[in-house]
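Undergrad: quick one: sequence plus predicted model below, questions after.
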Amino acid sequence: MDTRTPLPASQQPIAMSSRQNTSASAGLRLLRTAIGAACYFVFYFVQQMAELFAPLLLIAGAAWAALPALVKTLTRTTASADPQAHDAIASVANAIPEQITLAGHELTASGLICDGLGLMAVAAAGATLAMLVGRKL
């Protein structure tokens, strides 16, 4: 017959199942951290690319939209001064396209401006999501 008294819970040896649970939870934490880091990278990369291209598209769209108006103003001011200059400026005004088809996509001045604003929204969303994921890490 066994006459030993049982040990208190704090002094009992760690069971094999609890060791497996701690290693499994450490593996899950590592996996969660890896997934969070990958998401943070993607969100931050998208934010950086959007911040790079948004101003370019906005400026290109605004310049393209303003160019015909500027050329028409120049045409009106040079009409009485020099007929040859007037003809040259008029031919330049007619050469400015309203839309460009590039690889099957139609680009317009207003479309570039809208795309630039959309990229600014994407940059803001990427910054917000990167911040949220960064807090969870």
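TA: Looks like it came in fine.
Undergrad: can you give me the strands in the protein?
TA: Assigned by DSSP state E, the chain shows strands spanning 99-102, 105-108.
Undergrad: from the ones you listed, which stretch is densest packed?
TA: strand 105-108 (a mean of 12; mean count of other C-beta atoms under 10 Å). Glycine gets a C-beta too; all of them are placed from N, C-alpha and C.
Undergrad: against which helices or strands is that one packed?
TA: Contact partners of strand 105-108 among helices and strands, from 3 or more C-beta pairs under 8 Å, 6 or more residues apart in numbering; DSSP states H and E: strand 99-102.
Undergrad: for the strand it packs on, name the packing helices and strands.
TA: Other helices and strands packing on strand 99-102, by 3+ C-beta pairs under 8 Å, 6+ apart, are strand 105-108.
Undergrad: hey, which helix or strand in the protein has the poorest pLDDT?
TA: helix 83-95 (a mean of 77; mean pLDDT, DSSP states H and E).
Undergrad: buried set for that one?
TA: By 16 or more other C-beta atoms under 10 Å, the buried positions in helix 83-95 come out as 86, 89, 90, 93.
Undergrad: check contacts around the third one.
TA: Applying C-beta atoms under 8 Å, 6 or more residues apart in numbering, one finds that residue 90 lies in contact with residue 75.
Undergrad: ditto for the second one
TA: Contact partners of residue 89, counting by C-beta under 8 Å, 6+ apart, are 71, 74, 75, 78.
Undergrad: can you redo the buried residues of helix 83-95 as TSV with distance to residue 107?
TA: Putting the buried residues of helix 83-95 into TSV (distance: C-beta to C-beta, whole Å) gives the following:
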residue	distance to residue 107
86	30
89	24
90	24
93	19
